[in-house]
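# Build me a structure from this.
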Amino acid sequence: MKCFKWLIMILVLMTIMTYTIALSAQPVDYLKKGVVKVRDTKRDITGTGFIVKLTEDSAYIVTSTHVVWDGFTVSPVEIEFSSKRGKLVDATLYRFEENKDGLAVFVVDKNDVPKDINPLILSTMMDQLKEGEELTLIGFPRGAPPWAIVEGKYVGREGKFLTFTGPVESGNSGGPLLKHGLIYGMITETAETFSHALSAVIVRDILEGWEIDVEDVVALNNLAEQAYREDRVTEALRLWKNILSKIPGNAQANNGLALIAQRYIDKANKYLQIQECRNAEKNLRLATEAKPDYPEIVALLNRFELTCKQTRNYSVELGVHYIMVEDKEPNDLQESSDGNFLPSLLFSMDTRKWYLEAGIIRGTISFAEFGGENNDDEWYDRTQIDLLAGYYVRSNIAIFLGYEYLSLDGSLKSDSNSGPLMGVLGYHTISKTGLKFHWKLSTMGPFDTSEDGTIGLHASASVKGLLRAMPIGYSVGAFYQKYDSTRGDVDVLVGLAFGLYYSY
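Next up, the predicted model:
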C-alpha cells in the first residue's frame, strides 16, 4: 500500500510538472501556428498575416492592405505556414479595403492547409489594455529569423488605431499585436519610434460585415460561466478547455477550471468524512482531469490515502431477530407464531469492489395451531445459513450469487432444504448524519425440483450507524422472507432485526 501511495504521488507530481512546463512553452508555439508569412509575388514584398477562421474547406487569413496592394491592384499572394516552412502555397483574395491602412482577407484551400494550425482570437476587451503594458509581436522583419518574436509597449489609442513602440519594420506589417494570446491589433504602420495597429474590435467588425464569423473568447467564457452556474459542469469544463486550446494560459479559463476542480475536491472530502472511498476516488479523478496542476489535489491525495489505505472493511455483527411466522400446510391448516427471538451471527468483508458475507440465524419458533381439530402449540428449531459473494456494478450497488441452507426440526415439521441465492444489494448514505441505509433483495432456487424443493424470496432493509467515533456500530432493520415449497406448503416470515457490529 505504501508503494502504491508513493507511486500515485509521483505520477501526480510528474503530471503537474509536465503540465506546467508545457504551459510555459505552449503559448509561443501555439501563436506561431496562427501566424503566416505573406508574400506579394508581383512586387516581391514580404509581410505578415494571421489566421482568423478555419472551416472544413479553407483557412481565412488577414493582413494589412498595403502588404498586397500597390494602390491600383492586389498582387498574387503566396502563404507560408510555420509547420511547413519553405513551402509556399497560393492564396485567393476574398475581399480587401482600398486604403493602405485597410484590411485584406485571403483564403487558402484545405488541401494546402496543415492540420496543426490554429486560428487566433480577436479581443473585444480593449479596455483591458493599459498604457505601458508589454505586447508581443510575431512577424518577418528583415535580418531576423522567420516568425521572430519581439516585445513592444502599448502607448495609447487614437480613434481606431493603437500606438505602440518596439523593434518592428515593414516585414511585421499585417501581423498581430498580442497580449496573453489575444489579438489587440493588426499592424498597419511601422516606424523606428511609434508604430500603429488597427484595433482588433475594428478588424472584427469588418470581418463580420464581410460575413466572416470569428470566435469570441468572451462569448465562450460567458457560456462556460452560465453552464457552471446552472450546474452543467461537464459543459463548462468542455468550454473552458476549448478556450485554453485556443489561448493557452488564458486567466479566465484557468480560473474556471480551478472552480470545477475545487468543486470535485469538496465533494471528495465529504465522501472521505463518511469513508465512501470509491466516490471519493471518482471525484479525485475528476478534479485531476479538470486541473492537474491545482495545488489542493496533492493534499486531497494524502487525505485519501490516510482515510482509504485500508481497502478491506471487515465487520462482525451479533444480532437478534424478532420473527413472526405464518405457515400454511397443503391441507389448508395454518399456524402462526406470536413472535420469537432468534440470535444471529453475521460476518462480512467489503472491498468497495467485492462483497462477501456469511451469516447464521438459529432458534426455536413456536406456533398456535388453528384451522384444525386441536389448538395444541407446535414448535420447531429453525436454522438458516447464508453464504454469498457480490460484485459492485456501481459505487454503492452490487449483484451477488450465494447459497442458502435451511433446516426445520421439531414437532410441527422436520425437513431441510438448500439452494442457490441470487440478487442485488446496496447502500446509501442518509444526508449528513453518517447513517447508511442498506437493502437487499434476493431469490432462492428452485434448482431442486423434488418434493421438498423450495422457492424463496428475501427482502430486507436496515439502517446502520457508528456509536460516536468508535468502530462499534448498531443496526436496526426489517425483513420479509417467503418460502414456497413445491409440495404446497408456504412459510412467510416477517420481523425486525437489531444488532451490534464491530468493523476493522
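
# which residues in the stretch 51-200 of the chain form strands?
For the stretch 51-200 of the chain, the strands defined by DSSP state E, counting those that start in this stretch cover 58-64, 77-81, 88-96, 103-109, 121-122, 134-139, 148-158, 161-165, 176-179, 182-189, 195-199.

# ok and the helix or strand following the last one relative to strand 103-109, angle-wise?
In other words, strand 195-199. For strand 195-199, the following helix or strand on the C-terminal side (DSSP states H and E) is helix 200-209. With axes from the mean of the first three to the mean of the last three C-alpha atoms, to 10 degrees applied, the angle from helix 200-209 to strand 103-109 works out at 60 degrees.

# Centre of the chain to helix 200-209, how far?
The chain centroid and the centroid of helix 200-209 are separated by 37 Å under C-alpha atoms, centre = their mean, to the nearest Å.

# Buried ones in that helix, by neighbour count?
200-204, 206-207 (16 or more other C-beta atoms under 10 Å). Just so you know, the C-beta spots here come from the backbone N, C-alpha and C atoms, and that holds for glycine as well.

# So which residue is dead centre in this protein?
Closest to where the C-alpha atoms of the chain average out (C-alpha atoms, centre = their mean) is L286, at 4.2 Å.

# Just confirm that residue is within a strand.
No: assessed with DSSP: H, G, I helix; E, B strand; the rest coil, L286 is helix; it does not lie in a strand.

# heads up, I number from 36, so please use that
OK, 36 is where the count begins now, so the last one is L321.

# what sits against it?
Neighbour list for L321: Y299 [criterion: C-beta atoms under 8 Å, 6 or more residues apart in numbering].

# Count the residues that sit near L336.
Neighbours of L336 under the rule other C-beta atoms under 10 Å: 20.

# residue ranges for the strands of the stretch 236-385 of the chain, please.
Under DSSP E, counting those that start in this stretch, the stretch 236-385 of the chain gives strands at 348-363, 369-371, 375-385.

# any idea of the mean pLDDT in the second one?
So the one you mean is strand 369-371. Across strand 369-371, pLDDT averages out at 60.

# Need the strands of the stretch 236-385 of the chain in a markdown table (columns: mean neighbour count and distance to F339).
Output for the strands of the stretch 236-385 of the chain, formatted as a markdown table (neighbours: other C-beta atoms under 10 Å; distance: least, C-beta to C-beta, whole Å):
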| stretch | mean neighbour count | distance to F339 |
| --- | --- | --- |
| strand 348-363 | 17 | 16 |
| strand 369-371 | 18 | 52 |
| strand 375-385 | 16 | 18 |
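
# Which of those strands sits closest to L501?
For L501, the closest of the strands of the stretch 236-385 of the chain is strand 348-363, at 11.5 Å, according to C-beta to C-beta.

# now the closest one: how far from the chain's centre is it?
Averaging C-alpha positions (C-alpha atoms, centre = their mean) puts strand 348-363 41 Å from its chain's average.

# With stretch 290-309 instead?
Offset of stretch 290-309 from its chain centre (C-alpha atoms, centre = their mean): 11 Å.

# what sits up against it?
256, 259-260, 263, 268, 271-272, 275-276, 279, 312, 314-316, 318-319, 321-323, 325-326, 329, 331-332, 335, 338-339, 342-343, 464, 469.

# mind listing what's buried in that stretch?
Neighbour counts over stretch 290-309 (16+ other C-beta under 10 Å) mark 291-300, 302-304, 306-307, 309 as buried.

# sorry, back to before: quick one, grab the pLDDT at the residue nearest to the centre of the chain.
Note on L321: pLDDT of 90.

# what does A139 give?
For A139, pLDDT reads 95.

# Name the nearest residue to it, ignoring sequence neighbours.
Using C-beta to C-beta, 6 or more residues apart in numbering and skipping the chain neighbours, the partner closest in space to A139 is F131 (3.8 Å).

# Please tell me I have it right and the one you found contacts V140.
Yes: the pair formed by F131 and V140 meets the contact definition of C-beta atoms under 8 Å, at 6.9 Å.

# Comparing those two, which residue is more hemmed in?
Comparing F131 with V140 by other C-beta under 10 Å, the one with more neighbours is V140, at 22 against 18.

# Quick check: Y427 touching V459?
No: the criterion here is C-beta under 8 Å, and Y427 misses it with V459 at 10.9 Å.

# what touches both of those two?
Listed as contacting both Y427 and V459 by C-beta under 8 Å, 6+ apart are A433.

# Counting neighbours, go ahead and name the busier of those two.
Y427 (18 against 14).

# and the helix or strand that the more buried one is a member of, what other elements does it pack with?
For Y427, the host element (DSSP H and E) is strand 412-429. Other elements packing on strand 412-429 under the criterion 3 or more C-beta pairs under 8 Å, 6 or more residues apart in numbering; DSSP states H and E are strand 389-405, strand 432-445, strand 449-465.
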